[in-house]
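Peer 1: fold the following, please.
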Amino acid sequence: MSQNSVVEVKQSALPAWLRAMRPKQWVKNILVFAAPVAAGALFDPRVLVNSLWAFVAFSLISASIYLINDVRDVDADRLHPKKRFRPIAAGELGKGPATALAAVTMAASLGIGFWVAPMLGVTLAIYWVLQVGYSMFLKHQPIIDLAMVSSGFLLRAIAGGVASGIELSQWFLLVACFGSLYMVAGKRYSEMKELGSEAGTRASLERYSLSYLRFVWAISCSIVIMSYSLWTFEHRENEPWGVPWTTISIVPFTLALLRYAMDIDAGNAGEPEDVVLNDRVLQALAVLWMIPLGIGIFVH
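Peer 2: Predicted coordinates for the structure are as follows:
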């Protein structure tokens with residue numbers, strides 16, 4: 001059986017309308033838990049419930065954007081070696097039903113958001129407007145398109161804080177901002193390496209070079225490491241048993257970023273969620289990072 005056939009078999013396990021919402025990519029929405037974790041408030045019942053609602057709301061609003069993007073990019077997706085198997089590009093889901101589903105998921109998301117916290121609803125609305133603007137015309141603007149896509153990751157991180165009224169520190173925002181840019185520039189870099197000579201057929205890639213994208217994700221990674229390190233230094237005074245647990249977490253955090261950089265450089269990070277779900281070394285480093293970070297934040 002060919003690799004393409006395997007992809008089709010895997011995708012057929014779920015109905016077309018659900019696959020078009022890209023549930024596998026909802027793993028990105030775990031970022032809504034970042035602010036509650038950083039504040040040491042995740043296990044407060046109110047914060048945890050609000051964070052779970054924020055996760056659901058962002059999964060729905062992102063599904064709306066995925067549907068809109070796939071309706072607009074259907075012709076280009078049919079030329080892509082992997083994206084041609086998406087339900088709309090493959091003809092399994094019509095443009096009309098997909099557009100209606102996008103409207104329903106958007107309305108449901110905003111309803112949940114404004115019900116949980118007005119600022120969460122505002123954050124979701126901003127995300128939707130920016131991403132629709134990206135899909136309509138901003139994807140054709142170099143640099144701006146990187147900012148628009150990275151804003152999606154940043155707004156996810158912000159959403160977890162505003163859902164429960166958690167104050168976001170300057171270091172948290174810097175890590176979230178440049179971490180988002182690192183992910184997006186790496187995604188574009190991997191897409192260019194994967195497509196090779198066909199990269200010019202994608203509006204989001206045609207004006208970039210591999211060397212430029214490498215510069216962007218390299219400098220973003222450096223800023224993330226520096227900002228995270230400065231954040232950990234602010235949490236040394238209350239760490240248990242006199243051990244600088246959050247500072248120790250810098251080591252696995254940095255190694256995880258370097259491991260992800262290997263995936264980017266190899267051209268394997270075109271779909272970040274695939275890297276997170278399939279790279280066992282990266283997963284192990286994430287666990288080694290979360291252990292000292294968790295002790296430093298939650299143990300008193």
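Peer 1: what residue ranges in the stretch 201-300 of the chain score low on pLDDT?
Peer 2: In the prediction, the stretch 201-300 of the chain carries residues with pLDDT under 70 at positions 201-206, 236-238, 300.
Peer 1: Glu167 against Leu173, yeah?
Peer 2: No: Glu167 is not in contact with Leu173 according to Cβ atoms under 8 Å; the separation is 10.8 Å. To be clear about C-beta, it is placed using only N, CA and C from the backbone, and glycine gets the same treatment.
Peer 1: and those two? which has more neighbours close in?
Peer 2: Comparing Glu167 with Leu173 by other Cβ atoms under 10 Å, the one with more neighbours is Leu173, at 16 against 8.
Peer 1: name the nearest residue to Asn69, ignoring sequence neighbours.
Peer 2: With sequence-adjacent residues excluded and distances taken as Cβ to Cβ, 6 or more residues apart in numbering, Asn69 is closest to Ser135, at 5.0 Å.
Peer 1: which element is that neighbour on?
Peer 2: helix 118-136 (DSSP states H and E).
Peer 1: next, the angle helix 118-136 makes with the host helix or strand of Val149.
Peer 2: With secondary structure defined by DSSP H and E, Val149 is part of helix 144-162. Helix 144-162 and helix 118-136 meet at an angle of 160 degrees, taking axes from the mean of the first three to the mean of the last three Cα atoms, to 10 degrees as the criterion.
Peer 1: buried set for helix 144-162?
Peer 2: When burial is assessed from 16 or more other Cβ atoms under 10 Å, helix 144-162 yields the following buried residues: 145-162.
Peer 1: around Arg46, count how many other residues there are.
Peer 2: Number of residues near Arg46 (other Cβ under 10 Å) recorded here: 11.
Peer 1: wait, it touches Ser164, no?
Peer 2: Yes: counting by Cβ under 8 Å, Arg46 sits close enough to Ser164 to count as a contact (6.6 Å).
Peer 1: what's the separation between the closest residue to Ala90 other than its chain neighbours and Ser211?
Peer 2: The shortest distance from Ala90 to any non-neighbouring residue, by Cβ to Cβ, 6+ apart, is to Arg84 (6.7 Å). In this view, Arg84 and Ser211 are 29 Å apart by Cβ to Cβ, to the nearest Å.
Peer 1: and those two? Which one has more around it.
Peer 2: For Arg84 versus Ser211, the count of surrounding residues by other Cβ under 10 Å is larger for Arg84: 15 against 8.
Peer 1: what's near enough to touch that one?
Peer 2: Applying Cβ atoms under 8 Å, 6 or more residues apart in numbering, we find Arg84 in contact with 77-78, 90.
Peer 1: now it: how far from Arg78?
Peer 2: From Arg84 over to Arg78 the distance is 5 Å, taken as Cβ to Cβ.
Peer 1: kindly report the same for Ala269.
Peer 2: Taking Cβ to Cβ, one finds Ala269 at 23 Å from Arg78.
Peer 1: more neighbours: those two, which one.
Peer 2: More neighbours sit around Ala269 than around the other of Ala269 and Arg78, counting by other Cβ under 10 Å; the figures are 27 against 15.
Peer 1: SS state for the residue nearest to Ala90?
Peer 2: The three-state label for Arg84, taken from DSSP: H, G, I helix; E, B strand; the rest coil, comes out as helix.
Peer 1: and Gly267, its phi and psi?
Peer 2: Comment: the main-chain dihedrals of Gly267 come out as phi 80, psi 20, following degrees, to the nearest 10.
Peer 1: wait, it touches Lys187, no?
Peer 2: No: counting by Cβ under 8 Å, Gly267 sits too far from Lys187 to count as a contact (10.8 Å).
Peer 1: those two - which one has more neighbours?
Peer 2: The residue with the greater number of neighbours, taking Gly267 and Lys187 and applying other Cβ under 10 Å, is Lys187; the counts read 22 against 16.
Peer 1: and the helix or strand hosting the more buried one, what does it pack against?
Peer 2: Counting by DSSP H and E, the secondary-structure element that holds Lys187 is helix 170-195. Other helices and strands packing on helix 170-195, by 3 or more Cβ pairs under 8 Å, 6 or more residues apart in numbering; DSSP states H and E, are helix 34-38, helix 144-162, helix 210-233, helix 250-265, helix 272-278.
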